[in-house]
Each structure stands twice: as structure tokens, then as C-alpha cells.
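Undergrad: Build me a model:
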Amino acid sequence: MLVKTYGSAVQGVNAFTITIEVNVTPGTKYYLVGLPDNAIKESEQRIESALKHHGYRMPRQKVVINMAPADVRKEGSAYDLPIAIGILAASDQLITDHLDQYLIMGELALDGELRPIKGVLPIAIQARKEGYKGFILPKQNAQEAAIVNNLDVIGVSNLKEAIDFLSGDLSIPPLKIDTRDLFQATVHQYTADFADVQGQENIKRALEIAAAGGHNVIMIGPPGAGKTMLAKRLPSILPPLTLHEALETTKIHSVAGKLGAQGSLMAQRPFRAPHHTISDVALVGGGGNPQPGEISLSHNGVLFLDELPEFKRTVLEVMRQPLEERRVTISRARLTIDFPANFMLVASMNPCPCGFYNDPNKDCVCGPGVVQRYLNKVSGPLLDRIDLHVEVTPVSFDQMTETRKTETSADIRERVERARQWQARRFEAFPEIHSNAMMPPQMVKDLCRINEAGRLLLKTAMERLGLSARAYDRILKVSRTIADLAGSEDIKIEHLAEAIQYRSLDREGWAG
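TA: Predicted structure coming up:
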């Protein structure tokens, strides 16, 4: 008897339906075709053990299972449940008319229990798009799938529950979640706040500008000056995610299996801080079946690279193109996949190997030329894509022990949101541009006009401070953001002056 069940495969951040055809006929042997990987081929033993545990049997006949389309490679153990259901239906051990109404996915344990799977959200979105009534999956993943409305999400704990539900012997109410209510309830929950930071007002100001314009930023300072603590609080002053951005971000984390057992809608901007031993594939994504890397997991959020010069040169260089294009393309012989990568890069570094080159209280013990060699570990083209260079110095004892309340993240975020509203109106005709940092050169010329006094200031700064030509556009973009924060239509001379000071590493002789 021939029976069809339906599963799904994930490519990139999107899913497509897999038809699992099971045919049980007189004969012997078990055949599994349609380009399955080893995890799927090994499902025979898991399925047989699970069926026996619940009182069913594996047919002692010829069993042919085809996974269509047959020319696309299938990977992972999530096809155990639809294959098992197909075998039971094809061998007349399960009588049901509902197989064509449900997408079925799940990994089986030997005792028939179901284990959680990855990529549930894009699968659920595709199931709704293709008109399926419901989605049968492990109970641990039901919360994630229920984010998708107008789809019956049936969470089951084991194979027996799935069988009884399909045969009509067990009623399982679909899990319902009001996605908008869930989003609104959690969107303003932050784990860190700028109110915890004493002193460092100039660094807070720089991060406020970075958040307002979507600018990349690098902090240079001695160990213990607060670079990491400040970076971790940056997501708390960024504008809250929109529901569309939250779904997009959740989708990427779902594919990577980063949502956890009780995964649900991500309502906060992600903050990713990979260790400096990371490989280039782990950073940008890849693998045989391409998976998103850290830059995609940081989509709509912040990627923090601590101790930037300690990262391998090749790892940093592969990040250059995604920083410009806001996406990363993974190419393989049989397929090409695009992962979104619209993130803010925040980097931190010591100014020299000993760490105290710009410390006002301690002397640097590095020899001649050592500081420059250390800074040269970070290439010019990468620094070219970082708009703000901020020097961080240690907080004094008096500042640390001050009892005066400091500004909260909510206060700063309010100003950032006002500046973003200015930018939203400015770029209304350009849907692919959302912030000042994303302006192409021609738009910078049109939207970042300066008067004669500003032009003379910028010329003087570039000549006296030895600023590079690549700093010119960056200064104009940052000054545009500073003007937006001030509620000014025009870039004034004070906005330019403040923007110029954020190009420390472009100055000739900064490292001695």
C-alpha cells in the first residue's frame, strides 16, 4: 500500500516541503531513497525500536521509502516521525484520513519519546503558506511554532500520542499564542542598563551616536576601563525591534538551533560576543549544509568583538563584504544561500600588548614600533568600515564611588528613537536604507551638505591631524547623526567638530 506523509527541509532561513512516500509490498528488505544522509539512514533502527516499545511492528515485507524531491539532499534526524507514521499507515496499523492535512516532524528516541528539532519557525511559516491545517511536532518545539497564526500546532510527547491523534483516539487542542501580545509583553525587558555605569560620559555619548545612526564603533583603552560593560549595554539604547524584525531574527536563531527547549519569539535585539579563537566559517556561516554564522545571528542587533587584534586576520577580512552589503552569500556547488547580516559592529581593543599606551596613570612598557605593529593587526579596509573610534580611559575612584544617579538606558533610548524618526522620514523613498550609516557616497553628498565654515574646519582637521581620505565620508555621516540627535536640519560646525574627534586611529602618529 502506498501512503504519503509530509515533512520539511530548511535551506538558509527558508523551508520547503518534503513528500515522504512509503510503499509496503510483498517481499523483503528496507529501502530508503531520495538522497538521505547518514542520520536519516540510521532512522530504521530508531523507528523499529520505537514501534515495538508502543506495541506496533515493523512490517516484514518490502518497504520502500522515497523522499521527494529526490535530487535534493536531506539531512538530520527530524524525519523519524513522518517516516514512522508513513510505515504504520502503509502497513494498515494506522487508519487515518488526515495525513495530507498535517506537516509532521520529530526525532524519535528508542522508547518512542520525541526529541526537539531545529528550524521549526521557518517550517511552520512554510506550512501555513502552503495551506496545511496543522503541524505535528515535539512538544518542546510547540511554543516556537505557535508564533505562526492560523496553523494548528499539535505538540506531542511521544510516537503513541501522534498515532492516537491522527487516528482520532486522542484529542489534543492546538497551542495558541497571541504573537502581538507576547511581543509587547517582552519587548522592553532588558538585562543591563546604562544607569549601572558610573562616569564614562564621553563613551556613553559616543555609543548614543552609534545607536542613533547605526554606526559601527571601536573602543580603544586599557584593561578594566569598562569597554565590555559599555558594549553589553548598547542593545538597551537601540530602538526596540518591530514585530517583523523580531520574526526575522527568531527565524535565523531557530535555523541555528539557538532558541533553546522553550524557545519563543525573540523580542530583544541579539547581542553576540564570539571568542577570538572563532573560525571564519563560524563567523560568517557555511558548512556542507550552510548554517548561519555569528554575523547572521547578530542580525538586527550587535556583534561585539572583544580584543579585536587577537582575532585571526582571515576571520576579520571575511567580514568586510557583509559589513557593506548587510548580507552574506554562501556558495556551494549545488546551491547558493543568502543569510541576512544587518548588524552593528562594536569592537574593543587594548592600544598595545601591555595595554597601557593611553592610560593616564600607568606607563606603557612596549618598545619602539610595538604599538604600531599591534594596531596593524587590524587592517585599514576593516577600520574604514568603522565610523567611530573612541578612546576609553579608566574611571577615577571619585567617579566610581559617586552616589549621583546616572542617566538610564530609557532616557538615552528616547533620544535615539527621535533621531531614527528623522532618518525614517529622510529615507522614506529608499526602503533598503534605514539609518545614516547605510547611506551610499552619492547620498552623503546630497544629504550631508556643510557650509563654508564647516568645509574650512574639515579641511583644517584633515591637514593638521593627518586624517586619511577615507575618514571624510565617515565624518559627514556621523555629523549628520549628531545633527539628528540635536533636532537640526543642517549640519552645524559644532556637529562636525564632535564628529572629527571620533577618528582617533586615522590620525598620523597616533601610535607614536
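Undergrad: could you show me where the strands are in the stretch 151-300 of the chain, in order?
TA: 152-156, 217-220, 271-272, 285-286, 291-292 (DSSP state E, counting those that start in this stretch).
Undergrad: Comparing those strands by mean pLDDT, which bottoms out?
TA: Confidence, taken as mean pLDDT, is least for strand 285-286 of these (a mean of 88).
Undergrad: Give me the contact list for that one.
TA: Under the contact criterion CB atoms under 8 Å, 6 or more residues apart in numbering, strand 285-286 has outside partners 291-293, 295-296, 328, 330, 339. From N, CA and C alone the C-beta is placed, and that goes for glycine too.
Undergrad: which of those residues tops the neighbour count?
TA: Counting neighbours by other CB atoms under 10 Å, Ser296 leads the contacts of strand 285-286 with 31 neighbours.
Undergrad: Pro340 versus that one, what's the distance?
TA: 6 Å (CB to CB, to the nearest Å).
Undergrad: Settle this for me: Gly214 is touching Ser435, isn't it.
TA: Yes: using CB atoms under 8 Å, Gly214 makes contact with Ser435 at a distance of 3.2 Å.
Undergrad: and Arg455, how many neighbours?
TA: Residues within reach of Arg455, counting by other CB under 10 Å, total 13.
Undergrad: for this structure, what are the low-confidence residue spans?
TA: 260-263, 399-401, 403, 468-470, 506-512 (pLDDT under 70).
Undergrad: Mind naming the longest strand for it?
TA: Assignment by DSSP state E gives strand 14-25 as the longest strand of the chain.
Undergrad: CA atoms only for that strand - export them in CSV, please.
TA: Extracted C-alpha coordinates of strand 14-25, given in CSV (Å, rounded to 0.1, in the frame of the first residue of the first chain):
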residue,chain,number,x,y,z
ASN,A,14,13.6,29.3,4.4
ALA,A,15,11.9,25.9,4.3
PHE,A,16,10.4,23.8,1.6
THR,A,17,8.1,20.7,1.8
ILE,A,18,9.4,17.2,1.5
THR,A,19,7.0,14.4,0.4
ILE,A,20,7.7,11.1,2.1
GLU,A,21,6.3,8.3,0.0
VAL,A,22,6.1,4.9,1.8
ASN,A,23,5.2,1.8,-0.1
VAL,A,24,4.8,-1.6,1.6
THR,A,25,4.6,-4.6,-0.8
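Undergrad: follow-up on the earlier one: ok, so of the contacts of strand 285-286, who is nearest Leu151?
TA: Among these, Pro292 lies closest to Leu151 (CB to CB), at 23.8 Å.
Undergrad: and that closest one, what is it in contact with?
TA: With contacts defined as CB under 8 Å, 6+ apart, the neighbours of Pro292 are 13, 252, 255-256, 285, 339.
Undergrad: Any idea how many residues pack against Pro26?
TA: There are 6 residues near Pro26, going by other CB under 10 Å.
Undergrad: Over to Lys232?
TA: Neighbours of Lys232 (other CB under 10 Å): 17.
Undergrad: Distance check, it against Thr277.
TA: Taking CB to CB as the measure, Lys232 falls 20 Å from Thr277.
Undergrad: and the longest helix for the protein?
TA: Scanning the chain for the helix with the most residues, using DSSP state H, yields helix 409-426.
Undergrad: For that helix, enumerate the helices and strands it packs against.
TA: With contacts taken as 3 or more CB pairs under 8 Å, 6 or more residues apart in numbering; DSSP states H and E, helix 409-426 sits against helix 201-213, helix 471-485.
Undergrad: now the helices for the stretch 251-400 of the chain?
TA: 280-284, 294-297, 313-317, 320-325, 370-375, 380-383, 397-400 (DSSP state H, counting those that start in this stretch).
Undergrad: Show me the one of the ones you listed that comes nearest Gln198.
TA: Closest approach to Gln198 among the helices of the stretch 251-400 of the chain (CB to CB): helix 397-400, 5.3 Å.
Undergrad: From the centre of the protein outward, give me the first residue you hit.
TA: Centroid check for the chain by CA atoms, centre = their mean gives Leu297 as the closest residue, at 2.1 Å.
Undergrad: Let me see the domain layout of the protein.
TA: Domain assignment for the chain by automatic domain parsing gives 2-167, 187-506.
Undergrad: need the ones you listed in JSON lines with distance to Asp178, can you?
TA: Converted to JSON lines, the domains of the chain look like this (distance: least, CB to CB, whole Å):
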{"stretch": "domain 2-167", "distance to Asp178": "9"}
{"stretch": "domain 187-506", "distance to Asp178": "11"}
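Undergrad: for those domains, which one sits closest to Asp181?
TA: Among the domains of the chain, domain 187-506 comes nearest to Asp181, with 10.5 Å by CB to CB.
Undergrad: quick one, the longest helix of the chain and helix 201-213 angle?
TA: 40 degrees (axes from the mean of the first three to the mean of the last three CA atoms, to 10 degrees).
Undergrad: re the thing from before, who does the longest strand of the chain touch, helix- and strand-wise?
TA: Secondary-structure packing of strand 14-25 (3+ CB pairs under 8 Å, 6+ apart): strand 2-11, strand 62-68, helix 80-90, helix 120-129.
Undergrad: who wins for proximity to Phe397 among those?
TA: It is, among the helices and strands packed on strand 14-25 and with distance given as CB to CB, helix 120-129, at 49.3 Å.
Undergrad: Could you tell me how far the helix or strand following the closest one lies from the centre of the chain?
TA: Using DSSP states H and E, the helix or strand that follows helix 120-129 in sequence is strand 134-138. Here strand 134-138 shows a centroid-to-chain-centroid distance of 25 Å under the convention CA atoms, centre = their mean, to the nearest Å.
Undergrad: How far does the next helix or strand along the chain from strand 134-138 sit from its chain's centre?
TA: Going down the chain from strand 134-138, the next helix or strand is helix 142-145, by DSSP H and E. Centroid separation between helix 142-145 and its chain, computed with CA atoms, centre = their mean, is 19 Å.
Undergrad: and what of stretch 75-82?
TA: 25 Å.
Undergrad: Tell me who's in contact with Met349.
TA: Contacts for Met349 (CB under 8 Å, 6+ apart) come out as 218-220, 307-309, 378.
Undergrad: List the residues that contact the nearest residue to it once chain neighbours are set aside.
TA: Residue nearest to Met349 in three dimensions, not counting chain neighbours: Leu308, with 4.4 Å by CB to CB, 6 or more residues apart in numbering. Residues in contact with Leu308, defined by CB under 8 Å, 6+ apart, are 218, 316, 347-349, 378.
Undergrad: what's the spacing between Leu308 and Leu345?
TA: Going from Leu308 to Leu345 by CB to CB gives 10 Å.
Undergrad: ends of stretch 315-334, how far apart?
TA: 25 Å (CA to CA, to the nearest Å).
Undergrad: Pull out the buried residues from it.
TA: Neighbour-count burial for stretch 315-334 flags 315-316, 318-319, 322-323, 328, 330 (criterion: 16 or more other CB atoms under 10 Å).
Undergrad: if I look at the spatially closest residue to Asp359 that is not a sequence neighbour, how far off is Gly7?
TA: The shortest distance from Asp359 to any non-neighbouring residue, by CB to CB, 6+ apart, is to Pro222 (4.3 Å). Per CB to CB, Pro222 is found 55 Å from Gly7.
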